[in-house]
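Colleague: Have a look; sequence and predicted model below, questions after that.
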Amino acid sequence: MLLSEEISSLSSPSHYVLANRALIRVRLKHFALAMEDAVKSLQARPSPLGYIAMAVVLLGEGDRGGALCAFDLAFHDCEPRDIRFLLLLKLILVFESGNQEEAIKRVEHLAERANSNSDDMATYLCTEVLVVMHTKVENYGRAIPLIERAKKLAPKNKQYPSLKAISLIFGWSFNEFDIIAQQHLCETLYTEGRTTQAMEILLNIIRTSEDEEIQGSKATVEWIANFTKKCSTAPEDVGEEASGSANHGDELSQYPTALSFSPPSPAVQLIKWSTARAAKGLWEDALEYANDAMKVDPSCPWGYEAKHVALHGAKRYDEAIDAFKSMLHLIEQSEDPAIRELRKHYIPPSETIAAIDPIIREILKSCPLVVIDVVTGCLCDGPERMRIFKASPNFKELVSSMTRELDHERILRVVTNFFGYIMFSHAWQGNEPSFQDVNEAKSVQNLPDTPLNQKLCNFCKEARRLGHNWAWSDTCCIDKTTSSILNQSLTSMYKWYADSAATLVFLSGVVHPSKPGDLTRSLWMTRAWTLQELLAPKAIFFYDSEWKPYLGDTGMNHKESPEIMKELADAINISGRTIITFSPDDLGVREKLRLASTRNATVKEDVAYSLIGIFKSDIRPHYGEGADAFGHLLEEIVARFGEVTVLAWTGKPSSYNSCLPAAASVYNQIPFNPPSLEGEDMETCLRELRRKFPQKVALGIYNQIAFLPPARFATRRLHLPCIVFPVRKLGIQGTSRGNEKVYRARVLGLGIVEFTTVDDLTLHKPNKFVFVHPWIRHIRGPSDDVADLESDVDSISDSDSDAGSDEVVRPSPLDAALTPQVDDYTRALQVIARLGQPFNALLLLQQLNGEYKRVAADNEIVVSGLGTDITSKNIHATVLDIL
């Protein structure tokens with residue numbers, strides 16, 4: 001009122017007076033009048049106080065954004081020495097506008113800077129402001145220590161103008177909080193039912209009870225005792241509610257049942273506060289309360305449990321595990337049977353470790369034998385990786401978190417993630433760094449600075465950038481001087497790529513920036529080993545010569561890139577889906593061999609060894625066997641699956657067996673495939689054959705073919721089931737090109753057959769030659785019972801080898817009902833019809849001991865077949881031994 005009268009008496013009121021009255025009117029919530037005063041103050045003379053008054057008015061009216069904008073104008077007309085104080089005022093405005101957390105953080109920063117500059121007055125001012133801020137947000141646990149600090153910093157004359165200015169502007173009170181004031185605050189909070197906050201202030205009084213003056217006050221001691229008892233017996237659910245509502249998983253445990261057995265005490269309350277703070281993620285506060293509980297009652301195990309929770313949340317796992325062990329010890333040593341009984345609800349760390357260890361060992365079985373630690377660059381075997389894991393926070397967090405129940409799924413997830421590894425795929429370029437090189441240097445990072453060593457280092461850096469701990473390269477992660485390790489690595493390599501977190505492909509010849517087509521034209525696409533390195537991984541990344549993503553694709557997996565997958569699919573002529581989800585069972589034998597036929601290897605044996613995983617082969621690598629390695633692989637394919645399509649080739653024979661090719665490149669040829677004989681064509685053929693073949697004769701031919709055993713190998717000899725057509729006469733027609741000779745043969749049951757070969761054939765002993773039809777499965781047809789039986793046997797064999805199961809899955813009755821029923825006579829005629837089709841014949845020459853060798857032809861020998869002119873005397877089904 002007096003200020004209004006003073007202004008009225010002046011013809012030209014002072015801008016300062018108007019601004020002050022505006023602030024007073026805001027306190028009275030007379031916002032319209034306050035705005036008039038603020039505007040008039042600024043019209044009279046722009047000043048920081050005028051803009052501050054305008055900002056406070058706008059804040060009172062609810063315009064937070066406008067208030068902050070108006071306040072910013074105060075900085076334009078202020079003295080440099082006032083900027084820090086204005087900044088503090090603005091932070092108070094930010095606090096009042098609703099952004100309390102941000103304001104508190106910034107004021108704390110101002111206080112830290114003032115303290116570091118030894119500016120006690122500025123530190124005091126900021127501390128007092130923080131006391132009020134924490135009090136307003138009811139964070140008494142933070143406010144009380146600041147009260148004590150402010151007392152130590154307060155000026156001796158108890159006067160500080162800046163505090164009065166803040167009180168005027170914002171209406172804040174900075175009355176001192178002495179012990180009596182704290183007691184009154186405790187009582188008020190308790191009366192309001194806010195027992196937790198009251199106990200926080202009580203705790204501060206207890207913590208400061210070492211002060212001689214306080215300790216000597218009988219009234220204070222009695223008040224502490226009485227109030228502690230009152231709070232301890234009050235219903236207090238805040239801690240439990242906070243714990244129950246928080247979703248911290250294994251970081252928190254529920255309050256132990258044993259608390260109900262203990263008489264109410266400050267220790268119990270402190271444990272509740274600790275858990276409530278932990279539920280909010282305030283780990284240091286939770287730890288402080290837990291330590292206080294342990295001081296109040298060292299024999300209480302639940303204080304150690306609360307300490308374990310706080311330390312675990314703070315990621316101090318070693319200390320957390322020790323605290324948990326101490327808790328278990330106190331439970332076991334307790335004189336209270338009820339508490340000892342609770343021991344069964346907890347799992348000791350040793351039991352958790354015992355559960356983790358076998359999972360680690362099992363995971364490591366599927367990992368490469370040796371990998372590179374991408375942080376240190378050192379080579380690490382399984383035991384060393386296990387040691388590193390057990391020293392890591394990942395392991396300690398697992399042990400610390402599992403206090404009541406073992407979570408085997410989580411253990412498996414954490415262990416699998418830690419031991420996940422990245423595989424390297426590249427084309428060797430010469431003297432790559434070896435296992436011995438890296439061992440001698442102690443780390444890939446210590447290798448000499450050469451392009452090939454740098455390639456390895458860049459691979460490790462990229463693996464680390466992708467967030468993985470381990471990397472594997474075929475250059476240095478295999479001790480090739482130890483045959484057992486080399487062999488195990490070669491036979492496991494496909495699975496290592498398949499189980500990897502990702503495979504990184506380095507295309508050294510693809511310049512940056514890369515262009516579409518560079519990948520499929522690269523050297524990498526021609527190498528034998530890189531076929532499995534493309535197909536096996538679930539995730540793959542391609543990089544150009546500068547280690548930039550191919551085509552600039554920064555996606556999470558290049559197998560999810562339509563552009564890159566289309567380029568690869570078009571290049572190797574299989575579907576993109578097959579490349580993405582490849583399994584060895586996805587493609588047939590012939591198709592896999594076709595994929596391998598366009599690739600080559602520096603070492604002959606690698607042509608076969610690089611296909612071990614793709615064929616799920618069991619052959620044992622043995623460098624030194626040369627091209628015979630490919631023969632071993634094909635032998636196993638025939639032996640395991642009865643698969644004879646590997647015999648459909650032209651070119652040079654292998655020294656391993658004359659029916660097998662010398663090189664995989666021959667499988668790039670498209671073998672002859674007879675036209676389909678189904679539907680109306682089959683019915684027409686059957687009608688003609690019924691007129692010609694009585695049922696008995698047809699069944700006789702059928703039985704010869706139907707019960708032939710599968711093809712197999714033994715001691716390099718191929719036991720080949722086939723239909724044999726003897727040669728009656730053989731002559732030479734001339735030469736075609738080079739050394740190739742054109743021969744003409746008269747064949748029993750087939751007529752005249754012409755073929756070319758570079759071999760010089762003995763013309764005067766034509767009876768030693770035979771043409772054979774080895775495609776028995778085609779003759780039998782897809783629905784034949786015997787063929788189905790063979791297929792079932794193969795499937796059962798595969799299933800046994802893969803899963804170790806004795807269970808055989810039988811066709812369901814529904815499947816049988818849906819399959820057209822064919823009588824034996826019709827089935828026999830169908831076999832004869834297929835036997836009459838054109839086919840790709842093999843030419844064999846009988847040896848002195850009665851066995852045969854294949855005569856390699858330069859082109860497929862496709863004969864017209866018997867058609868419907870077939871007779872039973874032309875059919876001779878048998879098994880020939882071929883060298």
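Modeller: Great, that's in hand.
Colleague: How far away from the center of its chain is the helix or strand E36 falls within?
Modeller: Following DSSP states H and E, one finds E36 within helix 31-44. Its chain's C-alpha centre and that of helix 31-44 lie 64 Å apart, by CA atoms, centre = their mean, to the nearest Å.
Colleague: Taking helix 31-44 as reference, get the angle to the next helix or strand after it.
Modeller: Using DSSP H and E, the helix or strand that directly follows helix 31-44 along the chain is helix 48-60. If you take axes from the mean of the first three to the mean of the last three CA atoms, to 10 degrees, helix 48-60 sits at 160 degrees to helix 31-44.
Colleague: Which strands and helices lie in contact with helix 48-60?
Modeller: helix 15-27, helix 31-44, helix 64-73, helix 83-96, helix 161-170 (3 or more CB pairs under 8 Å, 6 or more residues apart in numbering; DSSP states H and E). Where you see a C-beta, it was placed from the backbone N, CA and C, and this is true even at glycine.
Colleague: Burial check on L330, number of neighbours?
Modeller: Neighbourhood size, L330 [other CB atoms under 10 Å]: 18.
Colleague: what comes up buried for stretch 557-573?
Modeller: Neighbour counts using 16 or more other CB atoms under 10 Å place H558, K559, S561, I564, M565, E567, L568, A569, I572 of stretch 557-573 among the buried residues.
Colleague: mind listing what the closest residue to K495 other than its chain neighbours touches?
Modeller: Take K495 and drop its neighbours on the chain: the residue closest to it by CB to CB, 6 or more residues apart in numbering is G613, 6.5 Å away. By CB atoms under 8 Å, 6 or more residues apart in numbering, the contact set of G613 is T491, M493, Y494, K495, Y497, A498, Q532, A536, P584.
Colleague: Which residue is the nearest non-sequential neighbour of the last one?
Modeller: On the basis of CB to CB, 6+ apart, the spatially nearest residue to P584 that is not a chain neighbour turns out to be K616, at 5.0 Å.
Colleague: A601 versus that neighbour, what's the distance?
Modeller: Distance, K616 to A601, by CB to CB, to the nearest Å: 20 Å.
Colleague: Same check on D518?
Modeller: Separation of D518 from A601 (CB to CB) stands at 23 Å.
Colleague: ok, longest strand in the chain?
Modeller: In the chain, taking DSSP state E as the definition, the longest strand is strand 717-735.
Colleague: Which neighbours in the sheet does it have, and how are they oriented?
Modeller: strand 712-714 (antiparallel), strand 741-747 (antiparallel), strand 769-773 (antiparallel), strand 877-882 (antiparallel) (DSSP bridges).
Colleague: Can you give me the buried ones in that strand?
Modeller: Counting neighbours by 16+ other CB under 10 Å, one finds that the buried residues in strand 717-735 are R717, L718, H719, L720, P721, C722, I723, V724, F725, P726, V727, L730.
Colleague: so the first one bridges to which residues?
Modeller: Partner residues in beta bridges with R717, using DSSP bridges, are A714.
Colleague: Ok, the fifth one next?
Modeller: P721 has these beta-bridge partners by DSSP bridges: V879.
Colleague: Just the pLDDT for it.
Modeller: As predicted, P721 sits at a pLDDT of 95.
Colleague: what about it, distance to T878?
Modeller: Using CB to CB, P721 is found at 8 Å from T878.
Colleague: Could you pull out the residues contacting both of these two?
Modeller: Listed as contacting both P721 and T878 by CB under 8 Å, 6+ apart are L708.
Colleague: Go through the buried residues of strand 717-735 and say which is closest to R113.
Modeller: When the buried residues of strand 717-735 are compared for distance to R113 (CB to CB), L718 wins out at 87.8 Å.
Colleague: Can you report how many residues lie near the closest residue to V129 other than its chain neighbours?
Modeller: Nearest residue to V129, sequence neighbours excluded (CB to CB, 6+ apart): V107, at 5.7 Å. Counted with other CB under 10 Å, the neighbours of V107 add up to 22.
Colleague: Spit out the contact partners of V26.
Modeller: For V26, the contacting residues are A34, A53, V56, V57, G60, by CB under 8 Å, 6+ apart.
Colleague: Which of the residues you listed has the largest number of neighbours?
Modeller: Per-residue neighbour counts (other CB under 10 Å) across those peak at A53, which has 31 neighbours.
Colleague: What's the separation between it and R599?
Modeller: 83 Å.
Colleague: hmm, back to that, let me have the contacts of G613 in a markdown table, extended by distance to D479, neighbour count and pLDDT.
Modeller: Supplementary listing: the contacts of G613 in a markdown table, determined by distance: CB to CB, whole Å; neighbours: other CB atoms under 10 Å; pLDDT from 0 to 100:
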| residue | distance to D479 | neighbour count | pLDDT |
| --- | --- | --- | --- |
| T491 | 15 | 17 | 94 |
| M493 | 14 | 23 | 96 |
| Y494 | 20 | 22 | 97 |
| K495 | 19 | 16 | 97 |
| Y497 | 19 | 22 | 97 |
| A498 | 23 | 19 | 96 |
| Q532 | 21 | 24 | 96 |
| A536 | 23 | 24 | 96 |
| P584 | 27 | 17 | 93 |
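Colleague: Among the residues you listed, which lie within strands?
Modeller: Reading strands off those, I find no matches (DSSP E).
Colleague: of these, closest to T123?
Modeller: Nearest to T123 among the contacts of G613, with distances taken as CB to CB, is Y497, at 61.9 Å.
Colleague: Please name the residues that touch the closest residue to that closest one other than its chain neighbours.
Modeller: Closest residue in space to Y497, ignoring its immediate chain neighbours: A536 at 3.8 Å, by CB to CB, 6+ apart. Neighbouring residues of A536 by CB under 8 Å, 6+ apart: Y494, K495, Y497, A498, T503, F582, G613.
Colleague: residues in contact with I92?
Modeller: I92 neighbours (CB under 8 Å, 6+ apart): A103, V129, I166, I169, F170, W172.
Colleague: The same query, at a cut-off of 7 Å, please.
Modeller: Shown in contact with I92 (CB atoms under 7 Å, 6 or more residues apart in numbering): V129, I166, F170.
Colleague: for the helix holding E36, packing partners?
Modeller: Packing partners of helix 31-44 (3 or more CB pairs under 7 Å, 6 or more residues apart in numbering; DSSP states H and E): helix 15-27, helix 48-60.
Colleague: Please identify the most buried of those.
Modeller: Ranked by mean neighbour count, the helices and strands packed on helix 31-44 are led by helix 48-60 with a mean of 25 (mean count of other CB atoms under 10 Å).
Colleague: Run through the stretch 151-300 of the chain and note the low-pLDDT ranges.
Modeller: Scanning the stretch 151-300 of the chain for pLDDT under 70 picks out the ranges 157-159, 173-181, 196-197, 200, 204-218, 221, 225, 228-266.
Colleague: If anything else comes up later, I'll come back, but that's it for now.
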